[in-house]
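In: could you work out the structure for the sequence below:
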Amino acid sequence: MGKVLLAYSGGLDTCVSIPWLQEHYDLEVLTFTADLGQGISEQAIGERARASGAKEAYVVNLRQPFLTEFVFPALQAGAIYQDGYPLATALGRPLIARELVRVAQETGCTYVAHGCTGKGNDQVRFEASILALDPSLKVIAPAREWDFASREEELQYARDRGLPTPPLRKGAAYSIDRNLWGVSTECGDILEDPAQAPPEDAYRITVSPESAPDEAEVLTVDFEEGLPVAVDERPLEAEELVVELNQRGGAQGVGRIDMVEDRLVGIKSREVYEAPAATILHTAHRALEALTIGRSLRQLKDHLARVFAQLVYDGYWYSEVREALQAFFTRSQQYVTGTVRVKLYKGQATAIGRTSPFSLYEYRLATYGSEDEFDQKASEGFCRIWSLPLAGEARRAEVSDRKGKAPTAH
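Out: This is a model prediction of the structure:
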């Protein structure tokens with residue numbers, strides 16, 4: 001009998017996938033669960049997998065590498081998909097795939113499986129990453145194959161086999177993915193109508209801005225070469241730092257994102273995200289870059305950040321182009337060191353102060369006061385030379401007007 005390693009979340013789809021794989025493929029099923037900070041009990045999820053028929057259940061704490069190897073490099077890049085999504089789920093998938101492949105190789109599995117549907121992005125992210133890391137592994141996607149027409153049919157299938165069903169909670173109609181970098185919520189009648197506001201029960205880690213405190217909270221974030229290292233002058237490890245900012249930002253209603261985005265499979269989807277720490281850190285990081293990076297580099301970096309975000313969203317983390325871009329972003333952060341003061345108030349995170357030993361801001365040149373050292377007389381020649389191309393175009397237009405119109409190229 002062959003063996004398959006199933007990427008196991010503990011939800012209904014992956015619980016049902018265990019006996020389904022046994023019955024339809026005659027495979028011995030092992031499960032792999034990655035702890036990315038979604039709040040799971042390692043013992044409970046392992047017991048549930050084995051009770052559902054898994055031969056072995058592997059649960060691995062990946063919270064620290066998730067942040068340091070995937071999230072923070074994306075933060076350095078300034079990667080946000082379509083001006084809204086900080087890529088929380090998308091950044092987790094290549095790490096899960098990497099560890100899934102590793103465990104599959106160590107346990108002698110020739111198959112790997114996942115619980116993604118055929119209309120989502122994650123199927124592509126998993127399978128592209130698996131193919132990049134070990135093309136010999138065969139991928140099975142039960143949710144793309146089985147005939148269940150509803151969640152109720154899945155539940156009945158589980159009951160018929162005496163399987164433990166995951167606990168259902170309020171809001172179970174939503175599809176929710178959570179990790180340290182954010183919460184992704186979709187599905188349900190209201191969310192699938194982009195004309196309607198998301199109901200409060202669609203949110204998990206943020207209060208509504210209307211219910212947030214009436215007094216603003218101000219905090220500081222320290223960066224070293226574009227990486228966050230301290231909050232309020234307290235050095236923190238990556239996980240501690242993100243957890244604290246999620247708690248403090250969430251209490252102020254910061255980090256709610258409601259957007260319609262373009263999925264990989266060619267459809268638009270309404271998504272609701274919560275990302276307090278990501279919102280605070282991207283806001284602070286961008287403010288510090290404005291102080292320490294020159295205009296030309298910032299413009300290029302902004303363009304490449306969109307390319308990088310698209311690559312991550314599309315499942316191309318393990319591509320050469322993503323790795324090459326990462327080298328560029330790492331070099332771009334050489335001087336992005338300093339402290340940013342951020343105000344949290346009623347759902348907004350606003351940078352209100354920034355300092356850096358590598359600041360390009362020079363008071364003696366920027367001030368309009370008595371200490372001004374900027375030679376304003378030199379600007380007359382600068383303006384004339386800068387405007388030469390425009391003057392040339394104007395002269396050409398005059399010639400064209402005298403002749404009736406510009407000649408047509410053949």
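In: middle-most residue in this protein, spatially?
Out: For the chain, the residue lying nearest the average C-alpha position, counting by CA atoms, centre = their mean, turns out to be Leu87 (1.5 Å).
In: which residues touch that one?
Out: 74, 79-81, 181, 309, 312-313 (CB atoms under 8 Å, 6 or more residues apart in numbering). Using the backbone N, CA and C atoms, a C-beta is placed for each residue, glycine as well.
In: now render those residues as TSV, adding secondary structure and distance to Glu380.
Out: Written out in TSV, the entries for these read as follows (DSSP: H, G, I helix; E, B strand; the rest coil; distance: CB to CB, whole Å):
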residue	secondary structure	distance to Glu380
Ala74	helix	45
Ala79	coil	42
Ile80	coil	41
Tyr81	strand	45
Trp181	coil	51
Ala309	helix	43
Val312	helix	48
Tyr313	helix	48
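In: between those, which is closest to Thr117?
Out: Lowest distance from Thr117 to the contacts of Leu87 (CB to CB) belongs to Tyr313, with 17.2 Å.
In: tell me the pLDDT at the closest one?
Out: On the pLDDT scale, Tyr313 is placed at 98.
In: residues near it, how many?
Out: Taking other CB atoms under 10 Å as the neighbour definition, Tyr313 ends up with a count of 23.
In: show me the contacts for it.
Out: Shown here is Tyr313, whose contacts under the criterion CB under 8 Å, 6+ apart are 81, 85, 87, 90, 121, 264.
In: got a list of contacts for stretch 319-327?
Out: Counting by CB under 8 Å, 6+ apart, stretch 319-327 makes contact with 73, 77, 132, 304, 307-308, 311-312, 316, all of which sit outside it.
In: rewinding a little: among the contacts of Leu87, the buried ones, what's the PyMOL command?
Out: A single PyMOL command selects the buried members of these (16 or more other CB atoms under 10 Å):
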select buried, resi 74+79+80+81+181+309+312+313
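In: got the contacts of Leu87 as a markdown table, with distance to Thr339 columns?
Out: Conversion of the contacts of Leu87 to a markdown table gives the following (distance: CB to CB, whole Å):
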| residue | distance to Thr339 |
| --- | --- |
| Ala74 | 22 |
| Ala79 | 23 |
| Ile80 | 23 |
| Tyr81 | 28 |
| Trp181 | 22 |
| Ala309 | 26 |
| Val312 | 28 |
| Tyr313 | 31 |
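In: list the contacts for the closest residue to Asn179 other than its chain neighbours?
Out: Spatially, and ignoring its direct neighbours in sequence, Asn179 is nearest to Leu36 (3.8 Å; CB to CB, 6 or more residues apart in numbering). With contact set as CB under 8 Å, 6+ apart, Leu36 has these partners: 62-63, 66, 92, 95-96, 179-180.
In: quick revisit: for the contacts of Leu87, which one is nearest Val340?
Out: Among these, Ile80 lies closest to Val340 (CB to CB), at 17.4 Å.
In: now, the contacts of Tyr313 that are in helices?
Out: Ala90 (DSSP state H).
In: break the protein down into its domains, please.
Out: The chain breaks down into these domains under automatic domain parsing: 3-65+79-160, 175-293+335-355, 371-402.
In: let's have those domains in TSV, adding distance to Ala324 and mean pLDDT.
Out: Conversion of the domains of the chain to TSV gives the following (distance: least, CB to CB, whole Å; pLDDT from 0 to 100):
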stretch	distance to Ala324	mean pLDDT
domain 3-65+79-160	15	96
domain 175-293+335-355	18	97
domain 371-402	33	93
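In: could you dump the ones you listed into JSON lines with distance to Phe328 added?
Out: As requested, the domains of the chain are exported to JSON lines (distance: least, CB to CB, whole Å):
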{"stretch": "domain 3-65+79-160", "distance to Phe328": "13"}
{"stretch": "domain 175-293+335-355", "distance to Phe328": "12"}
{"stretch": "domain 371-402", "distance to Phe328": "29"}
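In: alright, calling it a day.
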